[in-house]
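Q: Attaching a predicted model along with its sequence, questions to come.
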Amino acid sequence: MVLSGPHQSVRPSVLFGRGGSVRPSAFETLPLFWAPDASSGLRDLSSAVELATRLGLPVEPSKVEGPSTTLTFLGIEIDTVSRELRLPRDKLLRLKGIIEEWRVKATKKSSVTKHQLDVLVGLLSDAAQVVPAGRPFIRQLIDAKSELKRASHFTRLSPGCKADIFWWSAFMEEWNGTGLFPTRTIGPVITADASGSWGCGAFLEGPCFWFQVQWPSEWSQVNIAAKELFPLVVAIAIWGPQCKDSQICLNSDNQAVVSALATRSAKDPFLSHLLRSLFFFLAHYNISYRAQHIAGKRNRAADALSRNKLNEFLSVFPQAPKSPSPIPGSLLSMLLDIKLQWTSTHWKELFRASLERV
C-alpha cells in the first residue's frame, strides 16, 4: 500500500470477484486489495490492518470497506461482477453540465482562471480512469493551468485546449459513464499499410477481415504518416464490434505512426485529426491497444492491399475471404475530407452515421 503522509490514516478496501487478477492501472499502487472470494478478502483485509497497526499507522474503522463485489474507490465505482468501472451518476451529470459550459467558452474568446481549469481537469481525470482513450485530451488543459501561478490568475484558451474540450463535449453526448475492466491479454491483431500513390489497406487476423481504399485526388499531397494512420482508424471503426472490450495490437511499418500512437499526440494537424477520430472509436468500443512496429518485408499482405495487388494479398493471406469488409460512405467522408472542421455539426452527423451503419 502507499500512504500520503505519516499522519494520515490508512483506508484499506477489499474487492472480490472475477476482476481479482487484473487491476485497473489507476489503482495498482493504492490500498485496494483484490481477492478471488469473500473469505480470502477477509483474510487479506485482516492482514493489512494488522500490518498497519504493527507499523504504527492509524486505521480508521469507518473508512475500511469490503469485502464486496462493488465499492466506490477514489470517486470511481468498481464492480467485479459486471466487470465495470463507472463514474457515479451525480458526478457524470455534473461533468456533462460543466463540459457544456466550457464548450460555450471555447467558442468565444473567454478568459478562464487557474481554479476553473483545476476543477475541469479533476473531473476529466476521473472520467479518463473509466475511459482511458480520453487521457490524451486532458494534456493541453493541464499544461495551460500549470503556466498559472495563482488560482485567480487568468488565461485564454489555446487552440489545443479548445480541441480537447470539443473532443470531450462530443464524446459526452454518447457516453453513459461506464467502461469495462482493462485486460492484459492481447486479442485481435490489425495490420495496415499505405502507399503514397494508389491507396491503403488493412486486415484483421483471427476472423480474417480486410479492406482497401483508393486515395482521392485531393490526398496526393497528404503526408505519408497520415496515409499510414488512416487505415488503422478505418479498421477500428468498422471492426470495433469484433474488438469490443479488448486490448488489440496495431501493426504498422511506419515509425512515425507507431510513435504517434504511443504518445497519443502528433504535431501535424491532419495526423492529429485522425488520432482524435481514432480515440473516439476506441472510447466508443472500449478498446485499448498496443502499437507495434514491424519491418516492411514482414508486411507483405497489407502492402499488397495498399498497391491494389489483390492476388498477391490472397496468396500471402489465403485464409482471407474473397470480398472486403464494407466501409460506410459517411466514415470515408468524415476521415477523407481534409477541410472538415473537427467536431463540427457536420462531423458529428457523419460520426453518428458511421456508427449506425458499421
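A: Received, thanks.

Q: roughly how far apart are Lys309 and Ser195?
A: Here the distance between Lys309 and Ser195 works out to 10 Å (CB to CB, to the nearest Å). Yep, even glycine has a C-beta here, placed from its N, CA and C like the rest.

Q: typo on my end, Gln242
A: 26 Å.

Q: ok, now Leu332?
A: The value you get for Leu332 to Ser195, if CB to CB is used, is 17 Å.

Q: same deal with Ala283?
A: Applying CB to CB to Ala283 and Ser195 gives a distance of 30 Å.

Q: Compare the two and say which is more crowded by neighbours.
A: Ranked by neighbour count (other CB atoms under 10 Å), Ala283 and Ser195 place Ala283 first, with 21 against 17.

Q: name the element the more buried one belongs to?
A: Using DSSP states H and E, Ala283 maps to helix 269-284.

Q: Name the residues that touch that helix?
A: 131, 133-134, 136-137, 163, 167, 170-171, 174-175, 222-223, 225-226, 229-230, 232-233, 236-237, 240, 260-261, 264-266, 287-289, 334-335, 338, 342, 351, 355 (CB atoms under 8 Å, 6 or more residues apart in numbering).

Q: model confidence over it, on average?
A: Averaged over helix 269-284, pLDDT sits at 89.

Q: Got the domain ranges for the chain?
A: 13-82, 89-179, 183-357 (automatic domain parsing).

Q: Look up phi and psi at the residue lying closest to Ile142 once chain neighbours are set aside.
A: Leaving aside its sequence neighbours, Ile142 sits nearest to Val121 (CB to CB, 6 or more residues apart in numbering; 5.7 Å). Backbone torsions of Val121, given as degrees, to the nearest 10, read phi -60, psi -40.

Q: measure Val121 to Leu74 for me?
A: 15 Å.

Q: which one of these two has more residues nearby?
A: Legend: neighbour count by other CB under 10 Å for Val121 and Leu74, higher for Val121 (18 against 12).

Q: Quick one: residues contacting the more buried one.
A: 138, 141-142, 145.

Q: got a pLDDT number for Arg54?
A: At Arg54, pLDDT is 86.

Q: wait, Lys109
A: For Lys109, the model assigns a pLDDT of 80.

Q: Find the centremost residue of the protein, please.
A: Ala133 (1.3 Å; CA atoms, centre = their mean).

Q: quick one, what contacts it?
A: Ala133 touches 279-280, 282-283, 287-288, counting by CB under 8 Å, 6+ apart.

Q: got it, and Trp342?
A: 163, 166, 273, 276.

Q: Tell me the one among those nearest to Pro188.
A: Arg276 (22.3 Å; CB to CB).

Q: and the closest one, how many residues sit next to it?
A: 21.

Q: go on, the one 10 residues further on?
A: A total of 22 residues lie near Asn286 under the criterion other CB under 10 Å.

Q: Helix, strand, or coil at it?
A: coil (DSSP: H, G, I helix; E, B strand; the rest coil).

Q: and the gap between it and Thr72?
A: 20 Å.

Q: Local confidence estimate at the residue lying closest to Gln140 once chain neighbours are set aside?
A: Distances taken as CB to CB, 6+ apart put Gly160 closest to Gln140, at 3.8 Å, once the chain neighbours are dropped. At Gly160, the predicted lDDT confidence score is 84.

Q: Now do the helices in the protein.
A: For the chain, the helices defined by DSSP state H cover 38-54, 89-106, 114-130, 139-146, 159-172, 224-243, 255-263, 269-284, 300-306, 310-316, 329-336, 345-357.

Q: Which other helices and strands does the first one contact?
A: Read it as helix 38-54. strand 13-16, strand 32-35, strand 65-68 (3 or more CB pairs under 8 Å, 6 or more residues apart in numbering; DSSP states H and E).

Q: Quick one: mean pLDDT for the second one?
A: Read it as strand 32-35. Here the average pLDDT along strand 32-35 is 71.

Q: who does that strand touch, helix- and strand-wise?
A: By 3+ CB pairs under 8 Å, 6+ apart, strand 32-35 packs against strand 13-16, helix 38-54.

Q: okay if I get the ones you listed as TSV plus distance to Arg83 and mean neighbour count?
A: Output for those, formatted as TSV (distance: least, CB to CB, whole Å; neighbours: other CB atoms under 10 Å):
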stretch	distance to Arg83	mean neighbour count
strand 13-16	11	24
helix 38-54	17	15
